[in-house]
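Peer 1: A structural model of the following input is requested.
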Amino acid sequence: MFLSAAKPAALTSGRKIVTSVSRRTFRATASAAGEVTLTNSDVIKDGTHEVWRDGIYDHDNEPKVKRRSGEFAPIEKLRGFVNYERNPEPYRRPLDRVADWGELNPVVGDDLKHSSTELTVQSARCMDCGTPFCQTHDGCPVNNLIPEWNNLVYSSQWNDAVERLHLTNNFPEFTGRVCPAPCEGSCVAGLVDSPVTIKNIEYAIVDRAWNEGLITPRIPRQRTGMTVCVVGSGPAGLATADQLNQMGHKVTVYEREDRIGGLLMYGIPNMKLEKDTVDRRVNLLREEGIEFVTNADIGKTVDVNELKANYDAMCLTVGSTKPRDLPIPGRELKGVYFAMEFLTKNQKRLLLTKEGKLESSWEKENFITAAGKDVIVIGGGDTGTDCIGTSMRHRCKSVTNFELMPQPPPERAPNNPWPQWPRVFGVDYGHAEVMAVFGKDPRVFSVLTKEFIGDEDGNLKALVTQDVEITSQGPKSIEGSEKEWACDLCVLSMGFVSPEDYIIKDLSLDVDQRNNIHATHGDYRTNVEGVFAGGDCRRGQSLVVWAIHEGRGVAEATDQYLKQKQSDERQNYRNARFANLSSLSSLQ
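Peer 2: Residues are numbered from 1 along each chain as shown. Okay, the predicted model is just below:
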């Protein structure tokens, strides 16, 4: 039975409940990132769904949720995408979160946190489409079984949901936090309306599983006797190690930093990915039998050829860590840094504080602070936003973000059709924080940095820019548009060009035209016997979810190689034994 929107107020036996939902920017039809107010017909003024229960107690009947039509009715999935609006769970409020290094996502008990009822409503919007593009390579690189676990959440089968989630994704607690959700950009519901809140649901599944103790060590039942070393402990390396360990091989992961996690530990700031979340998964992998070695810079402190000789196979997942530079006058001035240097040193400082080390004992020259400074971040993207958010938490004086390209359109352009990732204008978390504190968007589009200006002591004090227009030949400077900007700290966030080359040279590996390690996608073998490569060091800089995809692929290729190697060794042993018996019989 449907109830009209006006009816609940007249029902004395019922009560109205509000469940927590969202108010978050979502890049046109894709990611949930910034902060805007929804104006949905079934969402009341404070941004939450209205829920009606006929009884006094929560358990005595199912909730009735207000639909777009204004009716109150039980949650149903058949027409869920028609009946309910998209309501992604919002980040914590900008003025609250900018005061600490806690994660952006609301925690249990926060009024912004989605309730189980709202998660049921959002999962009901998954439309049982004939071809779920969300789980194809246009959407999810690891081919997550998204419609399946959406349906399981709708049915409150959380145990089964986390099992389906882990079938294709080794680390959903990472992707649920940091992935820009290309799956949502290719969601079929997004063709006619707004896509399903896939990222929120993934995050809810895995966090509930951890909290309820559903994720436990899986000790391999049998060991193959084959050994593998994995160089690099970022998402590609950890996925490679996890898969190979479950296949029964003995895996050792080598990391040049002092902590395991690669970019998950030091490249992604704490507010996007709390480091306890990384340590929790690493500790689980350790319990499952993977060995981790830190402070081992393969090719420098450890001879790579000697390491290779001690294992049956070697997997290189070293990432793309050589940053793109800006070779203009004044580049040598103090105050100009690469983004990863800025973010890594900040994270190390936070970890020292967490371990109880006094600020007075810090080696302050090893840290970069934005406190009280005019900060300019050159380059957009996720890393640029992370630099903005980090500067805000340092209490910078101001922050500006330069982007070479023009401002994206508010909706998909004709050359950017569904199911491609929507290249549209959006407000990410760092931008929203700057707007909340300083009252304006920090981004300046179509601008090219021409020169850094220093003081008499060699410190950066300003930079000069020039407006550009995009032509068929590339960016073209506009004469007479030069402008000087006050700047004490400039962070270069213009991407990465290739992996560092010392391992490549020591192993004599082939590289492609971009100086990435050459290995065919799907095969992952390099030109050196027994050496495999995957992740950003093979495909170039990309998303965490693509790194996991590559890591799983590397593991599959390595496993096939090890099986063949083991089979050949057994055959050689049998042949040698037969030869020995033949020689003995001939002597008789």
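
Peer 1: Would you mind confirming that residue 167 makes contact with residue 145?
Peer 2: Yes - the criterion here is Cβ atoms under 8 Å, and residue 167 meets it with residue 145 at 6.5 Å. C-beta here means a position set from N, CA and C on the backbone, and glycine is covered the same way.

Peer 1: And those two? Which one has more around it.
Peer 2: The residue with more neighbours, out of residue 167 and residue 145, is residue 145; 20 against 13, by other Cβ atoms under 10 Å.

Peer 1: ok, that one - contacts?
Peer 2: Residue 145 makes contact with 135, 164-165, 167-168 under the criterion Cβ atoms under 8 Å, 6 or more residues apart in numbering.

Peer 1: Which ones among those lie within helices?
Peer 2: Those of the contacts of residue 145 mapping onto helices are 164-165, 167-168, per DSSP state H.

Peer 1: for this structure, what's the longest helix?
Peer 2: helix 544-587.

Peer 1: still on that earlier bit, for PyMOL, write the selection for the buried entries among the ones in helices among the contacts of residue 145.
Peer 2: In PyMOL, a selection of the buried entries from these looks like this (16 or more other Cβ atoms under 10 Å):
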select buried, resi 164+165+168
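
Peer 1: Pick out whichever of the ones in helices among the contacts of residue 145 sits closest to residue 346.
Peer 2: Nearest to residue 346, judged by Cβ to Cβ, of those is residue 165 at 31.3 Å.

Peer 1: how close does the closest one get to residue 149?
Peer 2: The gap separating residue 165 from residue 149 is 5 Å, by Cβ to Cβ, to the nearest Å.

Peer 1: same question, residue 167
Peer 2: On the measure of Cβ to Cβ, residue 167 and residue 149 end up 9 Å apart.

Peer 1: do residue 66 as well
Peer 2: 26 Å.

Peer 1: Mind checking which of those two has more residues around it?
Peer 2: Counted by other Cβ under 10 Å, residue 66 and residue 149 do not tie: residue 149 has more neighbours, with 28 against 24.

Peer 1: List the contacts of the more buried one.
Peer 2: 161, 164-165, 201-202, 205.

Peer 1: let's go with 7 Å and repeat that
Peer 2: Going by Cβ atoms under 7 Å, 6 or more residues apart in numbering, residue 149 touches 161, 164-165, 205.

Peer 1: Which of the residues you listed sits closest to residue 246?
Peer 2: Looking across those and measuring by Cβ to Cβ, the closest to residue 246 is residue 165, at 15.9 Å.

Peer 1: okay but that closest one is in contact with residue 205, surely?
Peer 2: Yes - with contacts counted by Cβ atoms under 7 Å, residue 165 reaches residue 205, the gap being 5.5 Å.

Peer 1: So which residues make contact with stretch 118-131?
Peer 2: Taking Cβ under 7 Å, 6+ apart as the rule, stretch 118-131 contacts 19-21, 49, 65, 75-77, 80-81, 84, 86-87, 147, 150-151, 153-154, 188-189, 196-197, 200-201, 204.

Peer 1: From these, which land in helices?
Peer 2: Counted as lying in helices by DSSP H, out of these, are 80-81, 147, 150-151, 153-154, 200-201, 204.

Peer 1: Most neighbours among those, which one?
Peer 2: Counting neighbours by other Cβ under 10 Å, residue 150 leads the ones in helices among the contacts of stretch 118-131 with 30 neighbours.

Peer 1: Checking the closest residue to that one other than its chain neighbours next. Helix, strand or coil?
Peer 2: Spatial nearest neighbour of residue 150, excluding adjacent residues (Cβ to Cβ, 6 or more residues apart in numbering): residue 126 at 3.8 Å. At residue 126 the chain is in coil, as set by DSSP: H, G, I helix; E, B strand; the rest coil.

Peer 1: what pLDDT does residue 126 get?
Peer 2: Predicted confidence (pLDDT) for residue 126: 96.

Peer 1: residues near it, how many?
Peer 2: Residue 126 has 28 nearby residues by other Cβ under 10 Å.

Peer 1: ok, residue 417 - how many residues close by?
Peer 2: Neighbourhood size, residue 417 [other Cβ under 10 Å]: 9.

Peer 1: same check, this time on residue 353
Peer 2: For residue 353, the count of nearby residues is 13 (other Cβ under 10 Å).

Peer 1: got a list of what it touches?
Peer 2: By Cβ under 7 Å, 6+ apart, the contact list for residue 353 is empty.

Peer 1: Can you point out the buried residues in the one helix or strand it maps to?
Peer 2: Using DSSP states H and E, residue 353 maps to helix 339-354. For helix 339-354, burial by neighbour count (16+ other Cβ under 10 Å) applies to 339-340, 342-352.

Peer 1: Please convert these to a markdown table, extending it with distance to residue 445 and pLDDT.
Peer 2: Shown next, in a markdown table, are the buried residues of helix 339-354 (distance: Cβ to Cβ, whole Å; pLDDT from 0 to 100):
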| residue | distance to residue 445 | pLDDT |
| --- | --- | --- |
| 339 | 19 | 98 |
| 340 | 24 | 97 |
| 342 | 22 | 97 |
| 343 | 23 | 97 |
| 344 | 28 | 96 |
| 345 | 29 | 94 |
| 346 | 27 | 94 |
| 347 | 29 | 94 |
| 348 | 33 | 92 |
| 349 | 32 | 91 |
| 350 | 32 | 91 |
| 351 | 35 | 91 |
| 352 | 37 | 85 |
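
Peer 1: Name the residues linked to residue 476 by a beta bridge.
Peer 2: The partner list for residue 476 in beta bridges (DSSP bridges) reads residue 469.

Peer 1: Now residue 483: closest residue in space, sequence neighbours ignored.
Peer 2: Nearest non-adjacent residue to residue 483, counting by Cβ to Cβ, 6+ apart: residue 465, 5.3 Å away.
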